[in-house]
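Student: Take this sequence and fold it.
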Amino acid sequence: MAIHGNPAYSGLNGSQTQLIPDVPTAHQAEALDLADAVRRGLTGSPKQLSSRFFYDDEGSRLFSEIMHLPEYYLTRCEYEILDTYKADLLALFSADNRPFELVELGAGDGLKTKLLLDHFWNELADFTYTPVDISKAALDGLVADIAQQWPQMALSPQHDDYFNTLKRLGNQAANEGNHTRTVVLFLGSNIGNFSPAEAVAFYRQIGQHLHPGDLVLTGFDLQKHPAIIHAAYNDSAGLTRAFNLNLLRRLNRDLDADFDLAAFDHYETYNPENGEARSYLVSEREQIVQLAALNLSVPFAAGEVIHTEISRKFSRAGIEHLAQQSGFSLTDWFTDSKKYFADVVYSK
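Tutor: All right, here's what the predicted structure looks like:
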């Protein structure tokens with residue numbers, strides 16, 4: 001991930017927190033990861049690009065706009081859940097009067113999380129907020145907002161990879177004999193971007209860095225009428241299209257490519273039989289794209305697609321099965337009034 005220096009921020013009791021300073025090898029690792037994934041994805045059949053590369057600064061900005069679209073019900077439903085059950089969540093997180101560290105993976109602008117933070121702060125909860133994001137702009141914006149609204153909140157922003165952060169926190173807790181509970185937030189149905197095997201591997205890897213009694217709160221988009229789901233990823237304003245096309249803009253910038261964004265379109269499909277919404281970029285014409293940084297020429301036929309994202313929708317049985325496969329126990333289940341969405345607590 002791209003790592004940049006950032007001024008220190010004051011946490012509770014004057015403790016200093018800061019983003020990780022510049023580490024050139026991390027920049028190199030990110031560049032190599034992008035280059036390797038793009039080379040494999042665009043030389044394979046069918047072509048694909050990983051959705052994890054969507055979230056550069058512009059991608060994060062576009063997604064923040066998408067979350068406010070009328071068709072994109074996910075944000076509103078999860079906000080309703082967190083607002084309705086914020087007291088219940090605080091009781092879970094602070095059970096046995098333990099302090100807790102709220103580690104949010106892919107924090108973005110923290111729109112929904114701020115609702116929890118406000119309640120926790122007003123209830124004098126003993127907690128630290130640790131937002132983790134690969135977008136420096138999104139993370140800096142979130143930190144600035146928190147510093148303005150709750151200037152004394154204990155804050156530990158991490159501009160880093162999810163698992164690097166969890167490993168560091170897990171090792172720190174073990175070394176210090178810390179009784180602080182780790183509560184991992186993975187909101188927004190981001191888990192839907194994983195294949196079934198990848199989701200199991202993801203939670204198992206999280207579990208390696210947690211201790212008994214630690215918790216993971218995940219947002220799951222539930223299966224529902226296919227038309228509702230399709231519209232959420234095919235909005236009339238065209239923001240989802242722009243979000244997907246921005247991935248090509250990033251490759252033009254980071255890999256010295258020459259994608260003509262006007263020569264590609266966005267296509268979305270939803271299969272209610274397997275619960276998979278899939279996004280594609282479609283070549284409008286026969287063309288050859290050059291990626292100078294990779295010394296790679298990629299031919300496209302007219303109508304050929306690049307698979308960019310999968311967003312799976314879940315049943316309760318599937319969510320319970322995922323917990324069992326991953327070594328967690330499903331302890332709590334919260335839904336919105338329409339039962340479109342669920343925030344689920346897994347316990348280590």
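Student: Show me the helices in the stretch 201-348 of the chain, by range?
Tutor: Listed in chain order, the helices of the stretch 201-348 of the chain (DSSP state H, counting those that start in this stretch) span residues 226-232, 239-254, 316-326.
Student: tell me the most buried of these?
Tutor: Compared across the helices of the stretch 201-348 of the chain, helix 239-254 shows the largest average neighbour count, a mean of 20 (mean count of other C-beta atoms under 10 Å). To be clear about C-beta, it is placed using only N, CA and C from the backbone, and glycine gets the same treatment.
Student: tell me how far that helix is from the chain's mean position?
Tutor: Its chain's C-alpha centre and that of helix 239-254 lie 17 Å apart, by C-alpha atoms, centre = their mean, to the nearest Å.
Student: what's the answer for stretch 268-281, then?
Tutor: Once both centres are worked out by C-alpha atoms, centre = their mean, stretch 268-281 turns out to sit 19 Å from its chain's centre.
Student: quick one: the spatially closest residue to residue 294 that is not a sequence neighbour and residue 248, what's the gap?
Tutor: In space, residue 294 comes closest to residue 39 once its chain neighbours are excluded; the distance is 5.5 Å by C-beta to C-beta, 6 or more residues apart in numbering. Remark: distance between residue 39 and residue 248 (C-beta to C-beta, to the nearest Å) = 15 Å.
Student: and the residue nearest to residue 294, what helix or strand is that in?
Tutor: With secondary structure defined by DSSP states H and E, residue 39 is part of helix 24-43.
Student: What residues of that helix count as buried?
Tutor: Under the neighbour-count criterion of 16 or more other C-beta atoms under 10 Å, helix 24-43 has 26, 30, 34-35, 38-39, 41-42 buried.
Student: what about the host helix or strand of residue 90, average pLDDT?
Tutor: Secondary structure from DSSP H and E places residue 90 in helix 86-93. Confidence over helix 86-93 (mean pLDDT, whole number) is 98.
Student: what sits up against that helix?
Tutor: For helix 86-93, contacts defined as C-beta atoms under 8 Å, 6 or more residues apart in numbering pick out 82, 100, 102, 115-116, 119-120, 123, 125, 127, 181, 183, 215, 217, 331-332, 334, 345.
Student: how about the strands in this structure?
Tutor: Per DSSP state E, the chain has strands spanning 9-10, 16-17, 47-48, 100-105, 127-132, 181-186, 215-221, 264-271, 276-283, 287-291, 296-300, 305-312, 329-335, 341-347. These are given in chain order.
Student: so which of these gets nearest residue 143?
Tutor: In this view, the strands of the chain are compared for proximity to residue 143 by C-beta to C-beta, and strand 9-10 is the closest at 6.0 Å.
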